[in-house]
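Undergrad: Turn this into a structure:
(chains A, B, C and D)
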Protein chains: 2
Amino acid sequence: MTRTRVERKEQTRRAILDAALRLTADTSLVAISLRQVAKEVGIVPTAFYRHFDSVESLGLALVDESFESLRGLLREVWLRSPQFRDYIDGSLPVLADHVRSHRSHYTFVVRERTAGPPLVRAAIRREIELITRELATDVARVPGSDAFSTDHLNLLADLIVSFVVTTAERFIEEPDAEARIMAEARTQLRMLMVGALNWRSPR
Amino acid sequence: MTRTRVERKEQTRRAILDAALRLTADTSLVAISLRQVAKEVGIVPTAFYRHFDSVESLGLALVDESFESLRGLLREVWLRSPQFRDYIDGSLPVLADHVRSHRSHYTFVVRERTAGPPLVRAAIRREIELITRELATDVARVPGSDAFSTDHLNLLADLIVSFVVTTAERFIEEPDAEARIMAEARTQLRMLMVGALNWRSPR
DNA sequence: GCTTTGAGTGAACAAGCGTTCACTGAAAGG
DNA sequence: CCTTTCAGTGAACGCTTGTTCACTCAAAGC
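TA: Numbering: from 1, shown residues only, chains lettered A, B, ... in the order given. All right, here's what the predicted structure looks like:
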């Protein structure tokens, strides 16, 4: 099939990542052995080392991959956000779509965020913090956000991101209840936004 | 030391639970073997089976134990809540205290909630749902809550509980930043409450 | 006081673990 | 064309895994 050496290598690497995503659908990375991954891929355990030097570093690659497409998505949504209202209400269906079409990555992130190997946990945390910071600068551009001090703006962004993480967890937890979860989350997000719109930071 | 047979058995059971809590400080239950637990306790692997028939059922016992003291605490806090304001603002220090004095249980719950064996995950979820329902009926007694339909009241309770879970995660994640996390969480909880106080359910 | 109960023992098992090492054989490079 | 590179092989290592079984021996029950 694939002729060149780099192509073949990339193809095996891809197969390892996919195998790991398949295995982490059921359990955490910390409960998965190098040999299980190799068997799932269809290679010998030693060959694994040509691509990653441990299951943990495989996990780091999966974190990168998971957040890559997410960040692209967010950038797109935020750039074309016409108004604050749409941007909030419109975000949940976008999230639901993205979770549905990247189920295995989200399953991985949601689980490893609290249970993964230390470096994996740290990497996920860093990515989420990054997104929070981007959201804060984005919200700062919304008219009316001058009722918020910088600190409080960051706290609002953090509150929203936390809520979104919780919502993503639920989409993963109950894939069949997507519509219900989204409807409930929308109401909750509105409650939160009513709070934001009536907020006055002390000065 | 302890003479009677039931006392001795209970003592070993306790030692197993404690050993599991010690081991799950570092990693998830799914990555821990029955033999590791036995070695940590100082008993032979076979003796483990006299108390639990798998690591998973040990996990279920730990879930029970974890939520027992938490529910007692909540009942106490809610019963003596003088006003809505105090009850919200006062809850965070109580949470921080409880997390600090039951660190290993919270570490366990926070991690196993998303990464534990299926039955353990389900048990934790059930307990959290129970607390949410109790909070909803409690909030219903607060004057002014009639602006909320029953559904919206449940959603508000769920929003608060989710937020508290996130906050507990952070206390565990960064034990040294307790004061900072609590201060930030208080502001965020107030934002959320401003939303609640300005909410009008459509009728 | 004699029997029953049952928590804990210790050996044994087949299987799985991460990592090492010397190897093959085809693509890459000069 | 002949050499080098390197992804993937397969055997071997010492250790850990869950579970079984027959066992000991002190407290419990009569």
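Undergrad: Briefly note if the lowest-mean-pLDDT helix or strand in chain A comes near chain B.
TA: Counting by mean pLDDT, DSSP states H and E, the weakest-scoring helix or strand in chain A turns out to be helix A:84-101, with a mean of 85. No - with CB under 8 Å from any CB of the partner chain as the criterion, chain B is not reached by helix A:84-101; the gap is at least 12.6 Å. Any C-beta I mention is one placed from the backbone N, CA and C, and that applies to glycine too.
Undergrad: Can you spell out which helices and strands pack onto that helix?
TA: Judged by 3 or more CB pairs under 8 Å, 6 or more residues apart in numbering or on different chains; DSSP states H and E, helix A:84-101 is in contact with helix A:55-79, helix A:150-173, helix A:178-197.
Undergrad: and with 10 Å instead?
TA: In terms of contacts (3 or more CB pairs under 10 Å, 6 or more residues apart in numbering or on different chains; DSSP states H and E), helix A:84-101 is packed against helix A:55-79, helix A:103-115, helix A:118-139, helix A:150-173, helix A:178-197.
Undergrad: Out of the ones you listed, flag the one nearest DNA strand C.
TA: With CB to the nearest atom of the strand as the measure, helix A:55-79 is the member of the helices and strands packed on helix A:84-101 nearest DNA strand C (6.2 Å).
Undergrad: so how far is that closest one off the chain centroid?
TA: 7 Å (CA atoms, centre = their mean, to the nearest Å).
Undergrad: Could you pull out the buried residues of that helix?
TA: Under the neighbour-count criterion of 16 or more other CB atoms under 10 Å in any protein chain shown, helix A:55-79 has A:55, A:58-63, A:66-67, A:70, A:74, A:77-78 buried.
Undergrad: can you check stretch A:117-129 too?
TA: Under the neighbour-count criterion of 16+ other CB under 10 Å, stretch A:117-129 has A:117, A:120, A:121, A:123, A:124, A:127, A:128 buried.
Undergrad: The first one and residue B:38, how far apart?
TA: In this structure, residue A:117 and residue B:38 are 24 Å apart, going by CB to CB, to the nearest Å.
Undergrad: picking that back up, turn the helices and strands packed on helix A:84-101 into a markdown table, including mean pLDDT and distance to chain B.
TA: Shown next, in a markdown table, are the helices and strands packed on helix A:84-101 (pLDDT from 0 to 100; distance: least, CB to the nearest CB, whole Å):
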| stretch | mean pLDDT | distance to chain B |
| --- | --- | --- |
| helix A:55-79 | 92 | 11 |
| helix A:103-115 | 98 | 3 |
| helix A:118-139 | 96 | 8 |
| helix A:150-173 | 97 | 5 |
| helix A:178-197 | 95 | 3 |
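Undergrad: Format the ones you listed as CSV; extra columns: distance to residue B:143.
TA: Formatted as CSV, those follow (distance: least, CB to CB, whole Å):
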stretch, distance to residue B:143
helix A:55-79, 40
helix A:103-115, 38
helix A:118-139, 33
helix A:150-173, 26
helix A:178-197, 19
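Undergrad: Select, out of those, the one closest to DNA strand D.
TA: Using CB to the nearest atom of the strand as the measure, helix A:55-79 is the one of these that comes nearest DNA strand D, at 13.4 Å.
Undergrad: Would you agree residue A:129 is in contact with residue A:165?
TA: No - at 11.8 Å, residue A:129 does not count as touching residue A:165 under the criterion of CB atoms under 10 Å.
Undergrad: Near DNA strand C, list only the ones from the buried residues of helix A:55-79.
TA: Cross-checking the buried residues of helix A:55-79 against DNA strand C (CB under 7 Å from any atom of the strand) gives residue A:55 as the overlapping residues.
Undergrad: Out of the buried residues of helix A:55-79, flag the one nearest to residue B:194.
TA: Residue B:194 has its nearest neighbour among the buried residues of helix A:55-79 in residue A:78, at 24.7 Å by CB to CB.
Undergrad: Not counting sequence-adjacent ones, nearest residue to residue A:19?
TA: Distances taken as CB to CB, 6 or more residues apart in numbering or on different chains put residue A:40 closest to residue A:19, at 3.9 Å, once the chain neighbours are dropped.
Undergrad: Give the burial count for residue A:43, as a bare number.
TA: 17 (other CB atoms under 10 Å in any protein chain shown).
Undergrad: Please report phi then psi for it.
TA: In terms of degrees, to the nearest 10, the main-chain angles of residue A:43 are phi -120, psi 170.
Undergrad: Is it in contact with residue A:8, as I believe?
TA: No - using CB under 10 Å, residue A:43 is not in contact with residue A:8, being 11.9 Å away.
Undergrad: what does chain A have sitting close to DNA strand C?
TA: With CB under 7 Å from any atom of the strand as the criterion, chain A meets DNA strand C at residues A:3-6, A:33-36, A:39, A:45-46, A:49, A:54-55.
Undergrad: Please pick the buried ones from those residues.
TA: With neighbours counted by 16+ other CB under 10 Å, those contain buried members at residue A:55.
Undergrad: Including secondary structure and distance to residue A:106, could the residues of chain A next to DNA strand C go into CSV?
TA: Converted to CSV, the residues of chain A next to DNA strand C look like this (DSSP: H, G, I helix; E, B strand; the rest coil; distance: CB to CB, whole Å):
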residue, secondary structure, distance to residue A:106
A:3, coil, 35
A:4, coil, 33
A:5, helix, 33
A:6, helix, 30
A:33, coil, 23
A:34, helix, 24
A:35, helix, 26
A:36, helix, 22
A:39, helix, 25
A:45, helix, 29
A:46, helix, 32
A:49, coil, 28
A:54, coil, 23
A:55, helix, 20
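Undergrad: Looking at pLDDT only, which of the residues of chain A next to DNA strand C scores worst?
TA: Across the residues of chain A next to DNA strand C, the member with the lowest pLDDT is residue A:3, scoring 78.
Undergrad: And that one, its phi and psi?
TA: Dihedral angles of residue A:3 (phi, psi; degrees, to the nearest 10) stand at phi -90, psi -60.
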